[in-house]
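Enquirer: Here is my input, please return the structure:
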Amino acid sequence: MINEQALEEFIEARAEAKKPMTDRAVKMLAKKLSPYPLEIQAQAIERAIIAGWSGVFPEKERQAVANNSTRARTLTQDLSDRSWAE
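Expert: Just a heads-up that it's a prediction; the model follows:
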C-alpha cells in the first residue's frame with residue numbers, strides 16, 4: 001500500500017523544482033516505499049521535500065523511529081538538563 005497523498009506531494013515538489021519525475025521513476029519510488037508503513041512513507045517524503053532532495057529515503061525514517069524508541073532519556077529530561085551550564 002502506498003501513501004498516495006504524500007507521493008503526489010513529492011511529485012509536485014519535484015516538478016516545482018524543475019526536476020519532474022518520469023512515469024518510470026514514480027513506479028520505482030512506489031515500489032521502494034511499499035514495504036514501509038504509511039506513516040514512515042509520509043515522514044520520508046516530508047523530509048525529502050523539506051530538505052530539497054530529489055530522492056526519498058524511508059530506511060532513514062525507520063532508523064529514526066527505532067532510535068527514538070530506545071532512548072534512555074526523555075525529551076523533558078533533555079530539555080531540563082543544565083549540566084552544560086556548569
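Enquirer: Relative to Ser83, how far out is the closest residue to Tyr36 other than its chain neighbours?
Expert: The shortest distance from Tyr36 to any residue that is not its chain neighbour, by CB to CB, 6 or more residues apart in numbering, is 4.5 Å, and that residue is Pro58. For the C-beta atoms, the positions are set from N, CA and C on the backbone; glycine is no exception. With the distance defined as CB to CB, to the nearest Å, Pro58 ends up 35 Å from Ser83.
Enquirer: what about those two, which has more around it?
Expert: Using other CB atoms under 10 Å, the more surrounded residue of Pro58 and Ser83 is Pro58, with 22 against 5.
Enquirer: any weak-confidence spans in the protein?
Expert: Within the chain, the ranges that satisfy pLDDT under 70 run 62, 64-75.
Enquirer: And the helices in it, which stretches?
Expert: Secondary structure of the chain by DSSP state H: the helices cover 4-16, 23-33, 38-51, 58-69, 75-80.
Enquirer: Could you list the buried residues of the first one?
Expert: So that's helix 4-16. The neighbour-count criterion (16 or more other CB atoms under 10 Å) identifies 6-7, 9-11, 13-14 as the buried residues of helix 4-16.
Enquirer: How about the longest one?
Expert: Taking 16+ other CB under 10 Å as the neighbour-count basis, helix 38-51 is seen to contain the buried residues 40-49.
Enquirer: List the residues that contact the residue nearest to Tyr36.
Expert: Contact analysis of Pro58 by CB atoms under 8 Å, 6 or more residues apart in numbering lists 32-33, 36, 40-41, 44.
Enquirer: Redo those as TSV? Include distance to Ser54.
Expert: Written out in TSV, the entries for those read as follows (distance: CB to CB, whole Å):
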residue	distance to Ser54
Lys32	14
Leu33	15
Tyr36	19
Ile40	19
Gln41	17
Ala44	13
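Enquirer: Of all pairs in those, which one spans the longest distance?
Expert: Lys32 and Ile40 (11.8 Å; CB to CB).
Enquirer: residue furthest from the geometric center of the chain?
Expert: In terms of distance from the mean C-alpha position of the chain, Glu86 ranks first, at 36.6 Å (CA atoms, centre = their mean).
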